[in-house]
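1. dropping a prediction and its sequence here:
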Amino acid sequence: GQNIDQPTEMTATEGAIVQINCTYQTSGFNGLFWYQQHAGEAPTFLSYNVLDGLEEKGRFSSFLSRSKGYSYLLLKELQMKDSASYLCAVRDRENDYKLSFGAGTTVTVRA
Amino acid sequence: KAGVTQTPRYLIKTRGQQVTLSCSPISGHRSVSWYQQTPGQGLQFLFEYFSETQRNKGNFPGRFSGRQFSNSRSEMNVSTLELGDSALYLCASSRGGQVTGELFFGEGSRLTVL
């Protein structure tokens, strides 16, 4: 199975940068997803990495190192609306290509 | 186009009862997955349906079951409810195929068991 770890909580100031790390252990890695979930709302897709390197999408970037079993989500120019839970999910071909999720990182942005 | 719709949004049950939750996927999506979300546990995979067939199942007891209809709508049922079943149950749809792609989530059904 998978073992996906990410910090429970992070706090940052409006306008700053925050990096959310995710480490995983899987036997058949086949892609990593990041989702954002505001309180009381549905998770929404943010990014997808399957090859090593950085994927940039506006203020959000996601990085993957398959050899290290490591990813991070970088949030730049933080805004109050970025306060949410960020979920790391790994797809494993040895697990019927199911997505397994980490427990999520709650990011609080302060003025 | 309309997103994933889950009903009911909130419900309260007592121990021993059973509950049925419904999910209507995005039009054209053939895969529906169900997850249980609890504080500190994250999203735990329950099962996935594709073309009316259960394609994958998570590590939940047999009290948790589901099905998918020909129009891709899905239901999940939990029988003999326990206090620990209190959670947010999320449904997600995707276009389908062998590999799970981007998931589109509904807002969930929040179940409270008293």
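-> Good, I have the coordinates.
2. pull the number of nearby residues for residue 83.
-> Using chain A here. By other CB atoms under 10 Å in any protein chain shown, 17 other residues sit near A:Ser83. C-beta: built from backbone N, CA, C; applies to glycine.
3. ah, I was thinking of chain B
-> Residues contacting B:Leu83 under the criterion other CB under 10 Å number 10.
4. and if you look at A:Thr108?
-> 13.
5. list the contacts for it?
-> A:Thr108 sits next to A:9-12, A:83 when contact means CB atoms under 8 Å, 6 or more residues apart in numbering or on different chains.
6. which residues touch B:Gln36?
-> B:43-44, B:46, B:60, B:87-90.
7. just the ones of those in helices?
-> Among these, no member is found in helices (DSSP state H).
8. need the residue closest to the centroid of chain B.
-> In chain B, the residue lying closest to the centroid (CA atoms, centre = their mean) is B:Trp34, at 3.1 Å.
9. say whether chain B is contacted by the least confident helix or strand in chain A by mean pLDDT.
-> None of the helices or strands of chain A scores lower by mean pLDDT, DSSP states H and E than strand A:98-101, at a mean of 87. Yes - judged by CB under 8 Å from any CB of the partner chain, strand A:98-101 comes into contact with chain B through A:98-101.
10. want to throw these into JSON lines with neighbour count?
-> Shown next, in JSON lines, are the residues of strand A:98-101 next to chain B (neighbours: other CB atoms under 10 Å in any protein chain shown):
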{"residue": "A:Lys98", "neighbour count": "21"}
{"residue": "A:Leu99", "neighbour count": "27"}
{"residue": "A:Ser100", "neighbour count": "21"}
{"residue": "A:Phe101", "neighbour count": "22"}
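11. in chain A, where is pLDDT below threshold?
-> Along chain A, segments meeting pLDDT under 70 span A:1-2.
12. which parts of it sit against chain B?
-> Going by CB under 8 Å from any CB, the residues of chain A near chain B are A:8, A:30, A:33, A:35, A:40-45, A:48, A:87, A:89, A:91, A:96-104.
13. just the buried residues of the residues you listed.
-> Buried by 16 or more other CB atoms under 10 Å in any protein chain shown: A:30, A:33, A:35, A:42-43, A:48, A:87, A:89, A:91, A:97-104, out of these.
14. what about the strands in chain A?
-> For chain A, applying DSSP state E gives strands covering A:3-5, A:9-13, A:18-25, A:29-37, A:44-49, A:53-57, A:60-65, A:70-75, A:84-92, A:98-101, A:105-110.
15. before we move on, the earlier item: now the contacts of A:Thr108: which count as buried?
-> A:10, A:12, A:83.
16. if I look at the last one, how far off is A:Thr105?
-> The one in question is A:Ser83. Separation of A:Ser83 from A:Thr105 (CB to CB, to the nearest Å) stands at 12 Å.
17. could you do B:Val113 as well?
-> From B:Val113 to A:Thr105 the distance is 28 Å (CB to CB).
18. check B:Ile12 too.
-> Look at B:Ile12 and A:Thr105: by CB to CB, they are 30 Å apart.
19. who's more crowded, those two?
-> Between B:Ile12 and A:Thr105, counted using other CB under 10 Å, A:Thr105 has the larger neighbour count: 20 against 12.
20. so who does that one touch?
-> Per CB under 8 Å, 6+ apart, neighbours of A:Thr105: A:6-10, A:20, A:85-88.
21. pick out whichever of those residues sits closest to chain B.
-> If you rank the contacts of A:Thr105 by distance to chain B using CB to the nearest CB, A:Leu87 comes first, at 6.9 Å.
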